[in-house]
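Enquirer: What would the 3D arrangement of this be:
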Amino acid sequence: MQDTKVDPRIIRTRRLLMDAFLKLTIKKDFKDITIKDITDEATVNRATFYSHFQDKYDLIDAGITEDILENIVEKLSHYDQLNEESIINIFFTLTKFHTDLATQLETQCRRSYASFSSIIEQKLKKELEKVLYSLLLKQQSKQDLETLKIGAAVLSWGIYGASEDWKHNSSLSAEQYIKIALPFIVTEINPYKG
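Expert: Alright, predicted model coming up:
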């Protein structure tokens, strides 16, 4: 099987469009950004835009997936098994993501994040669920697949929710927070051992 290489011009044009869009989110609310704004900023025509993206929602989805998720998913997928250590490291990966994002928001407009924060959250939880499902599947291969899917969903939302609670409501360090939260999460893992 032969890998097909993507033309570097395509990659550059996609990046150009995404960068133009990000620049615009600093100046305008997402709802006010038009395709014309994006193409003018990127110095390309509308046909070029539409050869890469269906609309601005497709552009934002691709940008989130390519810029944010690929980076965090790569960090999440390095674990061989689901245990206390991997849960702690996953939590730290998420809290670092939240901290880095908050730092970026200080230099950019907060309203740009508010426009698509729910998309980022949804995608992160889904990717986290996939990682946790694959770990549960490796460790508990005799368990019913539906049970493992449910377990992965509950764990992903729980770990992500803990990172959100830490970000918004806690004065504790991430290390202190996870020490308190870990027994509750581990309790959720133990019943599923096969």
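
Enquirer: How about the most centrally placed residue in the chain, nearest residue that isn't a chain neighbour?
Expert: Most central in the chain under CA atoms, centre = their mean is residue 124, positioned 3.4 Å from the mean C-alpha point. Nearest residue to residue 124 in three dimensions, chain neighbours excluded: residue 160, at 6.3 Å (CB to CB, 6 or more residues apart in numbering). C-beta here means a position set from N, CA and C on the backbone, and glycine is covered the same way.

Enquirer: So which bits of whichever strand or helix holds that neighbour are buried?
Expert: If you go by DSSP states H and E, residue 160 is part of helix 145-169. Neighbour-count burial for helix 145-169, counted by 16 or more other CB atoms under 10 Å, picks out 148, 151-153, 155-156, 158-160, 162-163, 166-167.

Enquirer: Least confident secondary structure element in the protein?
Expert: None of the helices or strands of the chain scores lower by mean pLDDT, DSSP states H and E than helix 70-76, at a mean of 72.

Enquirer: what packs against the helix or strand that it is followed by?
Expert: Per DSSP H and E, the first helix or strand lying C-terminal to helix 70-76 is helix 84-107. Helix 84-107 makes packing contacts with helix 70-76, helix 110-139, helix 145-169, helix 174-189 when contacts are defined by 3 or more CB pairs under 8 Å, 6 or more residues apart in numbering; DSSP states H and E.

Enquirer: Just give me how far the longest one sits from the chain centre.
Expert: Right, the one you point to is helix 110-139. On the basis of CA atoms, centre = their mean, to the nearest Å, helix 110-139 sits 5 Å off its chain's mean C-alpha point.

Enquirer: next one: stretch 45-62
Expert: 20 Å.

Enquirer: Could you do stretch 163-170 as well?
Expert: Chain-centre distance of stretch 163-170: 17 Å, with CA atoms, centre = their mean.

Enquirer: Need the contact partners of that stretch.
Expert: Contacts to stretch 163-170, defined as CB atoms under 8 Å, 6 or more residues apart in numbering, come from residues 91, 94-95, 97-98, 102, 121, 172, 174, 177.

Enquirer: which one of those residues is nearest residue 50?
Expert: Of all the contacts of stretch 163-170, the one with the least separation from residue 50 (CB to CB) is residue 121, at 28.2 Å.

Enquirer: Local confidence estimate at the nearest residue to the closest one once chain neighbours are set aside?
Expert: Excluding the flanking residues, the one nearest residue 121 by CB to CB, 6+ apart is residue 160, at 7.4 Å. At residue 160, the model reports a pLDDT of 91.

Enquirer: correct me, but residue 160 touches residue 122?
Expert: No: using CB atoms under 8 Å, residue 160 is not in contact with residue 122, being 10.2 Å away.
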